[in-house]
Structure formats: C-alpha cells, structure tokens
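Chemist: what's the 3D shape of this:
(one chain, ligands or ions: 1)
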Amino acid sequence: MEAPATPSGDDGPADGVGRRPRHAAAPSRARASWDALLIRRTMAEIAPLADKVTSYFYALLFVRHPELRPLFPPAMDTQRDRLLRALLTAAEHIDNAPVLVDYLRTLGRGHRKYGTRPEHYPAVGACLIGALSAYATHTWNPQTEAAWGRVYATISQVMIEAAETDGRATPPWWHAEVVTHDLRTPDVAVITLRPDQPYPFLAGQYASVETPWWPRVWRHYSFASAPRADGLLTFHVRAVPAGWVSHALVHRACPGDVVRLGPPVGSMSVDHATDSGLLCLGGGTGIAPIKAMVEEVAEYGARRPVEVFFGARNDHDLYDIDTLLRLRQAHPWISVRSVIDREDRHLHDAVRAGGPWRDYDAYLSGPPGMIRSGVSVLQALGVPARRIRHDPVDDLVVIGS
Ligand SMILES: NC(=O)C1=CN([C@@H]2O[C@H](COP(=O)(O)OP(=O)(O)OC[C@H]3O[C@@H](n4cnc5c(N)ncnc54)[C@H](O)[C@@H]3O)[C@@H](O)[C@H]2O)C=CC1
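Modeler: Sure, this is the predicted structure:
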C-alpha cells in the first residue's frame, strides 16, 4: 500500500491525466458514480493479469522517467504488490468518500519519506493509464480513459494536499538510534530505539522502518510499548524466511545503529471514552501492539476488564509473557492467558471457552490467517463487527518481513 507511485497531478486537461485545479468544482454525484462503475470494470478485467499490468507499468515508468528509479527499492517484488493493492483499495472505496479520502491522506503522508514530489504524480498517472489501457482491452474506451483521468486527478490532489499539510508539522521521516537489542529467541529480538526528535503515536499503531543495510526497503512494525515519558520506542521483530529487513534487524542491528522511521499509521487504538471490556488476541509477535494497548489502559487508570490471549507455537515463543504477567500483577483487572498450539486446541478454542464476549471490544493482532479466522469466531460468538478491530490484513503480509 505504500508504493511511491500512484496518482498523478498536473494542470492538464480535465479529462486527461492530471491534477484538477485546486478550486475546480467537484464532479457531480452522477458523474462520480459513473466513473466508479468504469473504474471497477477496468479493475475487474485486469485482476487476473495483475502481475503483468504492474510489471508493464513500472517498465513504462522507468523507461520514460529514469530519474524516478532511485525513489524505488532495488528489488521491486513487494513494491509491485503494493501499487496494485493501493489501486484496489482505492477502487473498492471509490463510492465511499470519507473512507477513500482518509486512506489517500495516509498514503500521501506516507509517500513523503520516499521523496515523492507533486511533479511526480502526472508521470506516474500517464504510465498507469498506459498500462491499464494496454491490458484492459475489452473495457477500455475514451469514456473509461476520461474516468480514470478524473479519478486519478482527485486521488493525486488529495495525496498531494495531505503531504503538504503534514509537511508543515512533521518531518518526512525520523532517524532513530538502536539503544538496546535483546535477542529473546533465536529469531525474535526486542529492539528499543531513540528517535532524533519527538515521535507522537498511539498504542496499537505501527510504523514503516528502513534499515541502513537495505536502503528504500521499508517494512511495517507495530509499536510494542505505549508512548513513554523518555520518548523511546520498542519493536518486536521475528526474522522470517527471506525477510531482508527482519533479518537485518534481528541478526545485524546493534546499539548505535541508526534506522529511519516513517510516520505512525493504523487505527487499532483503544477508545478511552468507554469502559467496555477489552478482549485482546495476540499471535506470536502480534502480541506487540496488544502489549502497548494494555500498558496504555493501565496508565490511563480506568479499571476495565482486559482479557489477553497470547497464542504461540511453543514455550519459547512466549518471549514477552513476563512483561504481561507483571502488568497483571500490578493491575488485577487484567487477565493474561497463554495458549500453546496443540493438535487438538488452538488460540481460538481458548477464546471460545472463555466467553461470553458480546459486550467486549475485540482487538486482534497476528498472522493474517489468525486474524481472518479470529474475526469469524468472534462474530459467531456474538461480537458485532463494529467492535472488532485489527490492522488491514494486506498490510500484515509485509508487517515483520
Ligand atoms: N498489528 C498486527 O496485526 C501485527 C501482526 N503481526 C504479524 O503476526 C505474525 C507473527 O508471526 P509469528 O510470530 O511467526 O506467528 P506464528 O505463525 O508463530 O503464529 C503465532 C500464533 O498465532 C496463532 N495462529 C497462527 N495462525 C493461526 C490461524 N490460522 N488460526 C488461528 N490461530 C493462528 C497461533 O496461536 C500461533 O501459535 C506475522 O505474520 C506478523 O506479520 C506482527 C505484529 C503486529
């Protein structure tokens, strides 16, 4: 979702690939819905050819604009997926302006760390339309091209404005020095960082991290502690197979090394306006944001039921259970249950046995499969969808890799 590529912006013709003049009238509802229909048709046609379309898009971009190549990572594998996911997400919410705008603003802010500038957007937009038109051969026509031009213009305008607004208050990225590096298991490290300037975030959020060993390769990690008075940040990192960044962080990083951090993102934060109970499911290193949220609730001082289920493959993988148990000792209204996988019993079985959870707010963090099945289990147990929170499952594919 964080391709330093997508939407465009210039002062081109209204129906071309460009940025709508700042004060231009918004398209009518009818036109917006018609555009949405045409965009969805294109997306449906190219879905089975997604890899080819994105490869062709980047080939066009780098041939036409070689000066943009340094903004992207040397190996483009994950990058390709991100562009497509960003487009799919935008297409999915195209009729839901508040959700779409919120998503695009986050995307625009996140692009600042790549060095994306307003003048890059038209170049990207023209190549995107070039790639779509080459593959969506059944649905592409002048009306579809015009619809893409308008939608892309709106998307790029939202992203550019969000980046400009953000630029007035925050840096595009933060440098952060490794202060401690604690190898808790052969492949899990708990790493503490000191950012070079204040880094405001909420427990439950996550950030992109770039290491000095893999420039321009960014991966997401959730904060493992609530905001601290000393400003330090903590991450839990598991070195996963073929995970360049995670391997570097676990096996190479030492105190004194400096990484870069993108802005905090994510909406899985605790609502302190209610005193409902919290049901928290953490799988493996997915326990990180759960721990941060539990710490925040404890600091907040409200005595509300907090029920944590920590799923792990084996005892070693309960690498942070002691911290959770200390929290429980200090705050008896917190309950912590560890669940080691067994053939006949998994994390969700323990959750099922522990209810009822109807009146709880539920938070899930862990592997995508755990989140998907966890949501179904909780809904079957009567927890309404609006009370179930987790990070976007697509982002988790690259969280921690
Ligand atoms: N904000 C978030 O949601 C975060 C997600 N993660 C993700 O969490 C994962 C952690 O990786 P590992 O520590 O290797 O986890 P893992 O693969 O060892 O799984 C940990 C535990 O999760 C549960 N689990 C896993 N798959 C399940 C399924 N399909 N159904 C039910 N329960 C399941 C089991 O209890 C398992 O022991 C990574 O995929 C990482 O991207 C990590 C940090 C934050």
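Chemist: Farthest from the middle of the chain: give me that residue.
Modeler: For the chain, the residue at maximal distance from the C-alpha centroid (CA atoms, centre = their mean) is P142, at 34.6 Å.
Chemist: pLDDT value on that one, please?
Modeler: As predicted, P142 sits at a pLDDT of 97.
Chemist: Ignoring the adjacent residues along the chain, who's closest to the one residue in the stretch 301-401 of the chain that gets nearest to the ligand?
Modeler: The stretch 301-401 of the chain approaches the ligand most closely through G311 (2.4 Å), counting by CB to the nearest ligand atom. Just so you know, the C-beta spots here come from the backbone N, C-alpha and C atoms, and that holds for glycine as well. Spatial nearest neighbour of G311, excluding adjacent residues (CB to CB, 6 or more residues apart in numbering): L347 at 3.4 Å.
Chemist: Then A385?
Modeler: Leaving aside its sequence neighbours, A385 sits nearest to Q379 (CB to CB, 6+ apart; 6.3 Å).
Chemist: Check the secondary structure at that neighbour for me.
Modeler: Three-state assignment for Q379 (DSSP: H, G, I helix; E, B strand; the rest coil): helix.
Chemist: now swap in R337 and tell me
Modeler: What three-state DSSP gives for R337 is strand.
Chemist: again, but for V270
Modeler: V270 ends up coil, using three-state DSSP.
Chemist: I figured it was touching A203, is that so?
Modeler: Yes - using CB atoms under 8 Å, V270 makes contact with A203 at a distance of 6.6 Å.
Chemist: shared neighbours, those two?
Modeler: By CB atoms under 8 Å, 6 or more residues apart in numbering, V270 and A203 have these common neighbours: 293, 296.
Chemist: What's the per-residue pLDDT of the residue of the stretch 151-300 of the chain found nearest the ligand here?
Modeler: Here the stretch 151-300 of the chain gets closest to the ligand at one residue, G284, 2.0 Å apart by CB to the nearest ligand atom. Note for G284: predicted pLDDT of 95.
Chemist: So which residues of the chain form strands?
Modeler: With DSSP state E as the criterion, the chain has strands at 174-185, 188-195, 206-210, 218-222, 233-238, 258-261, 277-283, 306-312, 334-340, 360-365, 388-389.
Chemist: In a markdown table: these, plus mean neighbour count.
Modeler: Converted to a markdown table, the strands of the chain look like this (neighbours: other CB atoms under 10 Å):
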| stretch | mean neighbour count |
| --- | --- |
| strand 174-185 | 16 |
| strand 188-195 | 21 |
| strand 206-210 | 24 |
| strand 218-222 | 25 |
| strand 233-238 | 24 |
| strand 258-261 | 20 |
| strand 277-283 | 24 |
| strand 306-312 | 24 |
| strand 334-340 | 18 |
| strand 360-365 | 25 |
| strand 388-389 | 20 |
